[in-house]
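Novice: Got a predicted model here, sequence first, then my questions.
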Amino acid sequence: MNQAVDLASLVKEPFELLREIERRSASAHSGAGAAGAVDDWVGVGFRIGEERFIAIREQVREVLMLPEAMSRVPGAKRWLLGIANLRGHLLPLVDVKLLLGSGRTSLKRTTRVISVNHREVPAGLVVDEVLGFRRFRKDENVDAVPQTIVRCERFLTSSFQRGEEVWPVFDLFELIESNLFLQAAAE
């Protein structure tokens, strides 16, 4: 609140106002600005079915719209939806819900592709919705992993709990390095 009053007092001095905004921006970027900001954990929230999860921010390269065109892969399991050319890079698109054995993801307006930031295994994970960045205090992290409807407990590392809200941490690298994921050939 004090910061807002200080900025308001500088409204008739545009140069000083810009200087103060720049100072605050540099301070926030270095982590020195907000108390406790250094201890924050930031991840990317997403939804599979009706369940919410959070991915480690560094494991997400980008979030994309579901491409209109993709090429089917002959002899592949049904959960491998196809290969898409996204800005000149070929990316296999995987229906995570179907991969986990919980039914097919309904392709809707909110359906997104999470491009995993893995050096060796390119993958685009198709999820029902991406909910954006989620910020938690590190003391909100608990080791307990809730049971899920989509049966993905083996890929959950912990959870963040804020009041009644629980956000399981989904390890995307663990998923794409698993035998379940790597065995894409139909039997």
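Specialist: Structure received.
Novice: Just the helices from the protein, written as ranges.
Specialist: With DSSP state H as the criterion, the chain has helices at 2-9, 14-30, 96-99, 172-176, 179-182.
Novice: Redo those as a markdown table? Include mean pLDDT, distance to Val42 and mean neighbour count.
Specialist: Heads up, the C-betas are built off the backbone N, CA and C, glycines and all. Formatted as a markdown table, these follow (pLDDT from 0 to 100; distance: least, Cβ to Cβ, whole Å; neighbours: other Cβ atoms under 10 Å):
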| stretch | mean pLDDT | distance to Val42 | mean neighbour count |
| --- | --- | --- | --- |
| helix 2-9 | 58 | 22 | 10 |
| helix 14-30 | 73 | 14 | 12 |
| helix 96-99 | 95 | 21 | 22 |
| helix 172-176 | 96 | 15 | 20 |
| helix 179-182 | 92 | 25 | 13 |
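Novice: could these be laid out in JSON lines, adding distance to Gly132?
Specialist: Formatted as JSON lines, these follow (distance: least, Cβ to Cβ, whole Å):
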{"stretch": "helix 2-9", "distance to Gly132": "24"}
{"stretch": "helix 14-30", "distance to Gly132": "19"}
{"stretch": "helix 96-99", "distance to Gly132": "18"}
{"stretch": "helix 172-176", "distance to Gly132": "16"}
{"stretch": "helix 179-182", "distance to Gly132": "25"}
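Novice: Domain map for this protein?
Specialist: 1-34, 39-182 (automatic domain parsing).
Novice: Go through the helices of the chain and name the closest to Leu66.
Specialist: Nearest to Leu66 among the helices of the chain is helix 96-99 (12.8 Å), distances taken as Cβ to Cβ.
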